[in-house]
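**Q** give me the fold of what follows.
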Amino acid sequence: MIRKWHLKAVIQKTISFMPKGHKINHWFQKNITKGVYLGDEYFYDRLEHVKHHVGAFNQFCGSIEGKTTLELGTGWYPVIPFSFFLSGAAEINTVDISNLTNKEKLKDTIGRFIELIEKDTLKEYIEAKPERVAILQEIHKNFESLSFEDILSKLHINYLLMDARNLKHLSDNSIDLVHSNNTFEHVYPDILKDILKEFKRIVKIEGLQSHFVDMSDHFAHFDQSINIYNFLQYSNKAWDRIIDNSIQPQNRWRFSQFVDLYKSLNIPLTETETRAGDIEAVKSLKIHPDFSNFSTKELAISHCYLYSKGN
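**A** Residues are numbered from 1 along each chain as shown. Modelled structure (predicted):
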C-alpha cells in the first residue's frame, strides 16, 4: 500500500539531487503540501520554546536582558529571534546554512506579534520590554519603506548564512545563550559533533546552551496513518540509501545518543527534560535490529531539552 509519506519521501529524495533543491522544495511545500505558512501551530510552538529557553537562562544564568544570543536553524519565520529582541537581548544572532526567509516572511512574523501585543497576550510567553514593543510597532507602521536589512538591524538581529561548524565571525567566549529548536534531529552525527565543538568555543563560561530535539519520525507529522516511531523499522542502510534525503534529513538518533555525544565532547549536561512517549506504539512495530541496543523505554522517548551551563 502506497502511503502519503512514501510519496513525500520519493519527491524529497528526487529533489535532493537537483540543483537549488531547497528552493524547489520550498515551492513544493508552499504550493502542494501547503506547509510553508506561519500558522498557529508553528507560531505558538516557537513561543513555547522561547519560554523554555528564557526560563532555563533565568534559572541558570540570570536575566536575558542585555545578553547576546545565537540560534541554530533560522528557518522560514524568525519567531524566536524576534522574541529575544522583545525580551531585551542586546544582540541576536541566527545562523542557517540556507536562505529560507525574506521580507514577506518578516512581515508575517511581525504581524503575528502585533496581534498578540494588541490582545495583551504576549505576556503569556515572554516579558516584552515596552521600548522594544514600541520599536516593533514603528517597524510595522513603516514596513513598506524599510528594506529586509533595515528591519533586521532595528531588531538587533544578525542573520548569518554559513556553516555552523565554522562561525568565524564570532569570537571565543562571546555568546551568552546558544539555542535551537527541532534542529539537532536533522543534522548528521559527524556534522553535529563539529557544530557542538564550535558552540563550546563561542559560549561564555557563565553562559548556557539550550536545545530542543524532536526525535519523532517527521513523516508522521504529514501522514497520520503512521506513528512517530515508524522510521525505526528500517535498517540504517535502507534508510540512508532509499528514504532519507538532504532536503529534510533525519538522523533517527535516540536520547541516550545525544547524551553520549555531549559526554564525548566534555560538554556538561546541567539538566535534561524528556517526554516519555508512547511505549505501546513502539511495541506495535517491528523495530529493526539496528536499534537492538536500546530498550523499548529508551526508543519511546520522543522529545527532549538539553541544557548545559558553561563549556
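
**Q** only C-alpha atoms from now on, for both contacts and neighbour counts.
**A** Fine.

**Q** low-scoring stretches of the chain, by residue?
**A** Counting by pLDDT under 70, the ranges of the chain that qualify are 1, 10, 17-37, 311.

**Q** for it, which segments count as helices?
**A** In the chain, helices defined by DSSP state H lie at 4-16, 21-28, 40-60, 79-86, 103-119, 130-141, 148-154, 189-202, 219-222, 236-238, 255-264, 279-283, 296-300, listed in chain order.

**Q** next, format the ones you listed as TSV and append distance to Ile97.
**A** Supplementary listing: the helices of the chain in TSV, determined by distance: least, CA to CA, whole Å:
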stretch	distance to Ile97
helix 4-16	15
helix 21-28	11
helix 40-60	20
helix 79-86	17
helix 103-119	18
helix 130-141	27
helix 148-154	18
helix 189-202	12
helix 219-222	22
helix 236-238	25
helix 255-264	22
helix 279-283	33
helix 296-300	30
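
**Q** mean neighbour count, those: which tops it?
**A** Comparing the helices of the chain on average neighbours per residue, with mean count of other CA atoms under 10 Å, the densest one is helix 79-86 at a mean of 24.

**Q** next one: it to chain centre, how far?
**A** 14 Å (CA atoms, centre = their mean, to the nearest Å).

**Q** just the CA trace of it, in CSV.
**A** This file holds the C-alpha atoms of helix 79-86, laid out as CSV (Å, rounded to 0.1, in the frame of the first residue of the first chain):
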residue,chain,number,x,y,z
VAL,A,79,9.8,33.9,15.6
ILE,A,80,12.4,33.2,18.2
PRO,A,81,14.9,36.0,17.2
PHE,A,82,12.0,38.4,17.4
SER,A,83,11.1,37.1,20.8
PHE,A,84,14.6,37.6,22.1
PHE,A,85,14.6,41.2,20.8
LEU,A,86,11.3,41.9,22.6
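
**Q** quick one, that helix and helix 103-119 angle?
**A** Computed with axes from the mean of the first three to the mean of the last three CA atoms, to 10 degrees, the direction of helix 79-86 lies at 50 degrees from that of helix 103-119.

**Q** I'd like to know which elements helix 79-86 is packed against.
**A** helix 40-60, strand 91-96, helix 130-141 (3 or more CA pairs under 8 Å, 6 or more residues apart in numbering; DSSP states H and E).

**Q** quick one, the longest one and helix 79-86 angle?
**A** Relative orientation of helix 40-60 versus helix 79-86 (the same axes, to 10 degrees): 50 degrees.

**Q** please apply the same query to the shortest one.
**A** On the basis of the same axes, to 10 degrees, strand 91-96 is oriented at 170 degrees to helix 79-86.

**Q** any idea how many residues pack against Gly75?
**A** 16 (other CA atoms under 10 Å).

**Q** shouldn't it be in contact with Thr101?
**A** Yes - using CA atoms under 8 Å, Gly75 is in contact with Thr101, at 6.7 Å.
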